[in-house]
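> Predicted model follows, preceded by the sequence.
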Amino acid sequence: MIELKNILQDRPYPDSGAILFDIICQSINDNCKAEINLEGVVSLPSTFLNASFGKAIGIYGIERVKQSTIFHHISKLQAECLKEYFERYK
């Protein structure tokens, strides 16, 4: 399981996004799911989302990225943020 708070900790958002992007790509290439734990994550800034999910969507398409990720300990606010972000790509 990917602890997102550890990826975000002490890094600029674009750098954190690049790390998650690599994880998402590896999961897609391995035909498995990236399990992302959002516990302890306060916000999901657009610079982070663009460098991770946005870049992956640009390469693999939204459906493949959505099918290759699963979220754990996700708050209602985080779910709404991700839903709005993904809906921009439809």
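Thanks, I have the structure now.
> which residues in this protein form strands?
Taking DSSP state E as the criterion, the chain carries its strands at 2-3, 34-37, 69-72.
> contacting residues around the first one?
Judged by Cβ atoms under 8 Å, 6 or more residues apart in numbering, the contacts made with strand 2-3 from elsewhere in the structure are 20, 23, 34-37, 39. (Each C-beta comes from the backbone N, C-alpha and C, glycine too.)
> Can you name the residues that contact residue 69?
Neighbouring residues of residue 69 by Cβ under 8 Å, 6+ apart: 24, 27, 33-34, 36.
> for this structure, what spans make up the helices?
With DSSP state H as the definition, the chain shows helices at residue ranges 4-8, 13-29, 46-49, 55-60, 62-67, 76-87.
> what is the mean pLDDT for the longest one?
Right, the one you point to is helix 13-29. Taken as a whole, helix 13-29 has an average pLDDT of 97.
> Not counting sequence-adjacent ones, nearest residue to residue 60?
Here the nearest residue to residue 60 in space, its sequence neighbours aside, is residue 28; by Cβ to Cβ, 6 or more residues apart in numbering that works out to 5.6 Å.
> ok so, going back, of all the strands of the chain, which one is nearest residue 16?
Distances from residue 16 to each of the strands of the chain were compared using Cβ to Cβ; the minimum, 11.4 Å, belongs to strand 2-3.
> residue furthest from the geometric center of the protein?
Taking Cα atoms, centre = their mean as the measure, the residue most remote from the mean C-alpha position of the chain is residue 10, 17.6 Å away.
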